[in-house]
Structures are given as structure tokens and as C-alpha cells.
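> Quick one, structure for this:
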Amino acid sequence: MENKPRKINKKPYKILDAPNLQDDFYLNLLDWSDNNQIAVALDSSLYVWSGCSSEVSKLYETCQVNDYLCSVSFCEDNKVSIGNTLGQIKIFDLVKRKKVSQFEGHTGRVGSLSWTAGLLASGSRDGTVATWDLRDGLVTQYKAHNQEICGLKWSPEGNYIASGGNDNKLVIYS
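Next up, the predicted model:
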């Protein structure tokens, strides 16, 4: 059986306003969940749009001066994580609508996040990749980049982490 190419409509389905979206291609400012929600970081606030109801709600806003959100990533169990300019990672429960964890360990902004099986990997401007367990905190920290980490992804099995940096390196950790 021959695969037919998918038809993608040329007109947008929905357009959402995104004021104060940071103009920095190193940041990962939106993610789409398995529950049909989109989280977007706009300056110092995190908004969640529901694909089922089309409702938009503000989940979080930082109170710190000169702090803005740099990355967003959903977890499979109704959680969303954000990284900020202060090197912090915050995890929110979407059902309870509250912060459930906070991790600190980077000395630069956290621009990349990736989840697998309850483990969160974070990449920072300080050139480090860290892995975090929601129950125990920091698991491991790697230093293989000399500049900011721009991309980060777990392998499908969750055995490896690949990071890409502004130093033109792709590094794979096991």
C-alpha cells in the first residue's frame, strides 16, 4: 500500500497572541503535551493553552528582577518544567496548578529541557548538561561544551542524551 502525503492546510487553524516572546533562537519557548496543551514562555510568564477548550491560562510568573523564562518541556504525567535565566528549573503540576519541585545547579540560563521516564535533562549556557530525578534532585552533571547548549534530547529508549552546543559540538552521554 502506497503512503499518501499528508495534506496540511495552508491557512492556520488558530493564531494565538504571543507578546514579549524572546527574540533568541537559542531558547526553547514552547512545547505541546500528550494531553493537547501548549505551554509557551512569554518573558517572565508561562501560559498554557488547551487544545480541547481553547482556554488560555497563566500558570506562573516570576517575581525576580531581570529573570525571564528560557525553556519549556512537558512530562508525561501532567507536569511541565521551565528553565530560567538564573539557572533554575521549576516543575509544575498542571492539575493542581502549583509548583512541585525546584532544582538549582546551573550557573547560566537553562535553555534546553528534555524528559524521559521521570528523569529530566537540562542544558545551560554554562556548557553543562544535568539530569534530575523529581524525588532525589541532581543525578549527574556533565561538562562537554565550551559554550551554550542549544538543543537536548533523550534517545527513545532513555539510555542516552544528545546535546548540541554553540561550540559546534554534538555530544552523546550514556
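> show me the contacts for residue 137.
By CB atoms under 8 Å, 6 or more residues apart in numbering, the contact set of residue 137 is residue 103. C-betas here are computed from N, CA, C, even on glycine.
> now do residue 149
111, 112, 123, 124, 125, 127, 128, 129, 163, 164, 165, 166.
> Save these as CSV, and put in distance to residue 42 too.
Shown next, in CSV, are those (distance: CB to CB, whole Å):
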residue, distance to residue 42
111, 16
112, 18
123, 21
124, 21
125, 20
127, 27
128, 26
129, 26
163, 26
164, 25
165, 26
166, 24
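> Same list as before, these that is, but in JSON lines and with pLDDT, neighbour count and secondary structure included.
Formatted as JSON lines, these follow (pLDDT from 0 to 100; neighbours: other CB atoms under 10 Å; DSSP: H, G, I helix; E, B strand; the rest coil):
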{"residue": "111", "pLDDT": "96", "neighbour count": "26", "secondary structure": "strand"}
{"residue": "112", "pLDDT": "97", "neighbour count": "26", "secondary structure": "strand"}
{"residue": "123", "pLDDT": "97", "neighbour count": "32", "secondary structure": "strand"}
{"residue": "124", "pLDDT": "97", "neighbour count": "26", "secondary structure": "strand"}
{"residue": "125", "pLDDT": "97", "neighbour count": "23", "secondary structure": "coil"}
{"residue": "127", "pLDDT": "97", "neighbour count": "22", "secondary structure": "coil"}
{"residue": "128", "pLDDT": "97", "neighbour count": "21", "secondary structure": "strand"}
{"residue": "129", "pLDDT": "97", "neighbour count": "25", "secondary structure": "strand"}
{"residue": "163", "pLDDT": "97", "neighbour count": "24", "secondary structure": "strand"}
{"residue": "164", "pLDDT": "97", "neighbour count": "17", "secondary structure": "strand"}
{"residue": "165", "pLDDT": "95", "neighbour count": "23", "secondary structure": "strand"}
{"residue": "166", "pLDDT": "94", "neighbour count": "15", "secondary structure": "coil"}
